[in-house]
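Undergrad: Sharing a sequence plus its predicted fold:
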Amino acid sequence: MYGSVLVVLSALELFGNTVSPEAGKKSQPNIRQVEPESIADLSGYYTCKGEEAGGKKYSGVVVLTKKNDVYLISWVVGGGANFSGIAVRQGNTLAASWAIASERGLVRGVNLYRVETSKNGNPRMVGRWSSVPGPGVQQPETLTFLKKLDAPE
């Protein structure tokens, strides 16, 4: 567990507490960067859209649950791949580490997101992820808020 926390903290230092996955692209006009205090708790259900190293697109659902100073994060993506990890937030950056057993053995990964908010005030996270073993490249992933954890169906 401590190794995962160190990976996340190292990622925050490496990226200087900023994430720029879409450098050079125009930002969307209805999205703005969040002041850290404007969304105190990111807990909720999110849609997840991303891309694998081979260019294959995937989608799914992410559940983010705050527990004291950290978040528990779970993904269900693609053909039902289910994996979990922990995340820490520093300002408008959320960094997560995760692991999943696969036919290649244990796969470990890290995600780094920039926290934004839409016009309706809901959070959206735009970031990158990478894993080892793997090709050693960063892949895009976006989480868009669906509903709060305690919201009725």
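TA: Done, it's in.
Undergrad: by contact count, what packs against the host helix or strand of Thr117?
TA: Using DSSP states H and E, Thr117 falls within strand 105-118. Helices and strands touching strand 105-118, by 3 or more CB pairs under 8 Å, 6 or more residues apart in numbering; DSSP states H and E, are helix 2-14, strand 31-33, strand 81-90, strand 93-102, strand 123-132, strand 139-147. The way it works is simple: take the backbone N, C-alpha and C, and place the C-beta from them, glycine included.
Undergrad: Paired strands for that strand, with orientation please.
TA: Paired neighbours of strand 105-118 in the sheet (DSSP bridges): strand 31-33 (antiparallel), strand 93-102 (antiparallel), strand 123-132 (antiparallel).
Undergrad: Can you give the distance of that strand from its chain's centre?
TA: The chain centroid and the centroid of strand 105-118 are separated by 3 Å, computed with CA atoms, centre = their mean, to the nearest Å.
Undergrad: just the angle between that strand and strand 81-90, please?
TA: 50 degrees (axes from the mean of the first three to the mean of the last three CA atoms, to 10 degrees).
Undergrad: Mind listing what's buried along strand 105-118?
TA: The neighbour-count check on strand 105-118 (16 or more other CB atoms under 10 Å) flags 107-117 as buried.
Undergrad: quick one: least confident of the residues you listed?
TA: Lowest pLDDT of those: Thr117, 90.
Undergrad: hang on, the earlier thing: between the strands paired with strand 105-118, which one is closest to Gly55.
TA: Nearest to Gly55 among those is strand 123-132; the distance by CB to CB comes to 14.7 Å.
Undergrad: among the strands paired with strand 105-118, which gets the worst mean confidence?
TA: The lowest average pLDDT among those, as it happens, falls on strand 31-33, at a mean of 53.
Undergrad: So what are the sheet partners of the next helix or strand after that one and their directions?
TA: Going down the chain from strand 31-33, the next helix or strand is strand 44-51, by DSSP H and E. Strand 44-51 has the following sheet partners, assigned by DSSP bridges: strand 57-67 (antiparallel), strand 139-147 (antiparallel).
Undergrad: before we move on, the earlier item: which of the helices and strands packed on strand 105-118 sits closest to Val62?
TA: Val62 lies closest, by CB to CB, to one member of the helices and strands packed on strand 105-118: strand 139-147, at 5.4 Å.
Undergrad: Could you give me the buried positions within the closest one?
TA: 139, 141-145.
Undergrad: Can I get the residues you listed in JSON lines including distance to Asp41?
TA: Shown next, in JSON lines, are the buried residues of strand 139-147 (distance: CB to CB, whole Å):
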{"residue": "Gln139", "distance to Asp41": "27"}
{"residue": "Glu141", "distance to Asp41": "21"}
{"residue": "Thr142", "distance to Asp41": "20"}
{"residue": "Leu143", "distance to Asp41": "15"}
{"residue": "Thr144", "distance to Asp41": "17"}
{"residue": "Phe145", "distance to Asp41": "12"}
